[in-house]
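[1] model this:
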Amino acid sequence: MRRKKMSTQPPADQSSDQPSAAPEAGRESALERNLREPYALPGRERPSARSITLGISFMATVLLLSGLAILPSPYAVRSPGPTRDTLGEEDGTPLIEITGAPTYESTGELRLTTVGVSGGPGFPVNLAQVVQGWVDPTRVVAPVETVFPKSVSREELDAQSSAEMTSSQEMATYAALTELGYDVPVTLSAVETAADSGASGVVEPGDVIASLDGEPLASSEDLLERLTTIDPGTDVTLGVVRDGTPTDLTVTTGAVEGQDGSRLGVVVQSSFDFPVDVSIQIENIGGPSAGTMFALGIIDRLTPEDEANGQVIAGTGTMDLAGQVGPIGGIRQKLDGAVRDGATWFLAPAANCDEVVGHVPEGLQVAKVATLAEARAAMVAIGAGEGSTLDTCTAG
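    From the prediction side, this is the model:
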């Protein structure tokens with residue numbers, strides 16, 4: 001038997017310390033070709049120009065959408081905000097604290113409602129938030145200029161919102177106490193005058209306004225109501241107390257654009273001498289729309305009857321010194337926030353009824369109210385299980 005000669009070259013699948021033969025001149029190795037043409041590998045075809053174009057377009061679109069998702073957009077998004085029980089506590093402290101009069105516990109809840117607003121000065125929203133707002137039926141997307149005034153900073157908006165909240169608490173306290181029969185003296189003081197008005201140079205800051213044409217003034221609402229019956233250009237006698245001395249001033253009234261009656265051209269500040277000390281503790285909520293629920297909370301705390309009687313009643317509406325419930329914005333989001341937090345009844349300003357009809361969430365009933373007296377009567381009826389007798393918002 002013949003023996004095979006052992007090869008002196010290593011097998012093709014083993015490494016060798018000896019260099020391989022160089023390629024012939026003018027020819028390139030497979031390695032060089034693969035480095036030059038990375039797709040020229042066995043079993044892999046070079047992509048077409050159309051595939052490369054589509055790939056680049058896809059990547060550009062992804063990058064563009066990613067950028068738009070984080071860039072600010074010119075929109076604001078309204079959503080249901082938190083609710084607060086005016087008969088409950090805020091961080092362990094009663095939301096409404098009263099001293100100087102007996103107070104009583106309640107088994108129900110009176111929840112003020114709010115609207116969360118994203119967007120505007122200092123807090124812009126991005127495209128992802130806008131798209132979420134379009135998809136979510138409880139949210140509303142609107143151009144930012146329809147929600148926030150132009151050329152107003154976040155600091156100015158916060159200051160205005162805080163001032164409106166403070167004013168709403170004072171109005172609610174006055175309205176609640178007078179609804180319960182308390183006498184609450186009011187002092188009207190001139191803050192400044194309009195430069196183009198008849199009061200300019202006549203009424204001075206700090207003047208205490210006591211009467212109009214000899215009739216005492218009970219409140220700023222009383223003054224405004226009387227001016228609605230006076231024609232522009234009329235000389236009126238304004239009784240003031242200046243530096244402790246009563247003085248009569250003659251002021252020529254001016255026109256009110258788009259309204260009947262006239263104006264004095266005086267910015268008036270009201271201060272109250274409350275017979276009962278009412279303190280309202282609430283954080284991170286501003287604006288005037290909680291006035292009605294503040295007033296109902298004060299009434300419930302000061303009366304021995306358990307008006308809410310275990311019911312969870314939510315609501316909204318501004319409150320003025322005359323006890324009128326005023327319209328507010330974002331009522332659809334407030335309805336959704338109310339039912340989310342367990343309310344079964346909602347007190348809605350009568351002036352907002354056109355926005356309420358057709359947008360009441362399942363499980364929530366609505367009673368329309370135009371005055372504090374009506375809101376109080378509705379609270380009592382709901383607590384007594386007689387809510388079905390209340391007026392509600394209807395179409396037309």
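[2] make it CA atoms for all contacts and neighbour counts henceforth
    Fine.
[3] before we move on, what SS does Glu170 have?
    Assigned by DSSP: H, G, I helix; E, B strand; the rest coil, the conformation of Glu170 is helix.
[4] let me fix that: Ser211
    The three-state label given to Ser211 by three-state DSSP is strand.
[5] helix or strand for the nearest residue to it once chain neighbours are set aside, which one?
    Among residues not flanking Ser211 along the chain, Gly239 sits closest, at 4.7 Å (CA to CA, 6 or more residues apart in numbering). Using DSSP states H and E, Gly239 sits within strand 235-242.
[6] Val267 now?
    Using DSSP H and E, Val267 falls within strand 266-272.
[7] Run through the strands of the stretch 51-200 of the chain in chain order.
    72-73, 75-80, 84-85, 89-90, 93-94, 96-99, 109-112, 115-118, 125-126, 140-143, 186-193 (DSSP state E, counting those that start in this stretch).
[8] winner for burial among these?
    strand 109-112 (a mean of 26; mean count of other CA atoms under 10 Å).
[9] In the sheet, which strands lie alongside it, parallel or antiparallel?
    Sheet pairing of strand 109-112 (DSSP bridges) gives strand 84-85 (antiparallel), strand 312-315 (parallel).
[10] And for the residue positioned nearest the centre of the chain, nearest residue in space, chain neighbours not counted?
    Geometric centre of the chain, nearest residue: Val115, 3.9 Å, by CA atoms, centre = their mean. In space, and not counting its chain neighbours, Val115 is closest to Gly81: 4.3 Å by CA to CA, 6+ apart.
[11] Could I get the contacting residues of that neighbour?
    Contacts for Gly81 (CA atoms under 8 Å, 6 or more residues apart in numbering) come out as 113-116, 333-334, 337.
[12] Kindly recompute the last result at 6 Å.
    Going by CA atoms under 6 Å, 6 or more residues apart in numbering, Gly81 touches 114-116.
[13] separation between the residue nearest to Ser211 and Val203?
    10 Å (CA to CA, to the nearest Å).
[14] With Thr247 instead?
    Counting by CA to CA, the gap from Thr247 to Val203 is 11 Å.
[15] Just want to know which of these two has more residues nearby.
    Shown here are Thr247 and Val203; by other CA atoms under 10 Å, Val203 has more neighbours (24 against 16).
[16] Kindly give the local confidence score, pLDDT, for Leu227.
    With respect to pLDDT, Leu227 scores 95.
[17] Next, give phi and psi for it.
    Dihedral pair for Leu227: phi -70, psi -20, per degrees, to the nearest 10.
[18] residues near it, how many?
    Leu227 sits with 19 neighbouring residues when counted by other CA under 10 Å.
[19] now swap in the one 4 residues further on and tell me
    Other residues within reach of Asp231, judged by other CA under 10 Å, total 16.
[20] now swap in Asp277 and tell me
    12.
[21] How about Glu225?
    Close neighbours of Glu225, defined as other CA under 10 Å, add up to 12.
[22] Same question for Asp136.
    12.
[23] Next up, the contacts around the residue nearest to Ser270 when sequence neighbours are not counted.
    Counting by CA to CA, 6+ apart, Ser270 lies nearest to Leu188, which is 4.8 Å off, once chain neighbours are set aside. By CA under 6 Å, 6+ apart, the contact list for Leu188 reads 208-209, 269-270.
[24] which of these lies closest to Ile98?
    Using CA to CA, Ser270 is the member of the contacts of Leu188 that sits closest to Ile98, with 21.2 Å.
[25] quick one: the closest one and Leu321, what's the gap?
    10 Å.
[26] before we move on, back to that, nearest to Leu224, of the contacts of Gly81?
    Leu224 has its nearest neighbour among the contacts of Gly81 in Thr114, at 29.1 Å by CA to CA.
[27] Name the nearest residue to that closest one, ignoring sequence neighbours.
    Among residues not flanking Thr114 along the chain, Gly81 sits closest, at 4.8 Å (CA to CA, 6+ apart).
[28] Check Gln324 too.
    Per CA to CA, 6+ apart, closest to Gln324 is Thr371, 4.5 Å.
[29] And stretch 289-308, what's buried?
    289-302, 306-308 (16 or more other CA atoms under 10 Å).
[30] ugh, wrong one, I meant stretch 341-356
    Residues of stretch 341-356 classed as buried: 342-353, 356 (neighbour count, 16+ other CA under 10 Å).
[31] right, and Ala190 touches Val203 too?
    No. When contacts are counted by CA atoms under 6 Å, Ala190 is not listed as touching Val203 (7.5 Å).
[32] ok, Pro349 - contacts?
    By CA under 6 Å, 6+ apart, the residues touching Pro349 are 317, 327, 368-370.
[33] Which of those residues are buried? Put it as a PyMOL command.
    The buried residues among the contacts of Pro349 can be selected in PyMOL (16+ other CA under 10 Å) with this line:
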select buried, resi 317+327+368+369+370
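[34] Just the closest of the contacts of Pro349 to Val276, please.
    Top of the list for closeness to Val276, among those and by CA to CA, is Gly317 at 23.4 Å.
[35] quick one on the thing from earlier: quick check, the residue nearest to Gln324 in contact with Gly326.
    No. Between Thr371 and Gly326 there is no contact under CA under 6 Å: 8.5 Å.
[36] Could I get the full set of strands for the stretch 201-350 of the chain?
    208-212, 215-216, 235-242, 245-252, 254-255, 262-263, 266-272, 277-280, 312-315, 318-319, 325-326, 345-349.
[37] quick one: average pLDDT of the strand holding Val267?
    Average pLDDT, strand 266-272: 93.
[38] I'd like the distance from that strand to the chain centre, please.
    A distance of 26 Å separates the centroid of the chain from that of strand 266-272, by CA atoms, centre = their mean, to the nearest Å.
[39] From Arg226, how far out is Ala375?
    Distance, Ala375 to Arg226, by CA to CA: 26 Å.
[40] Who has more neighbours out of these two?
    Looking at Ala375 and Arg226 with other CA under 10 Å, you find the greater number of neighbours at Ala375, namely 23 against 15.
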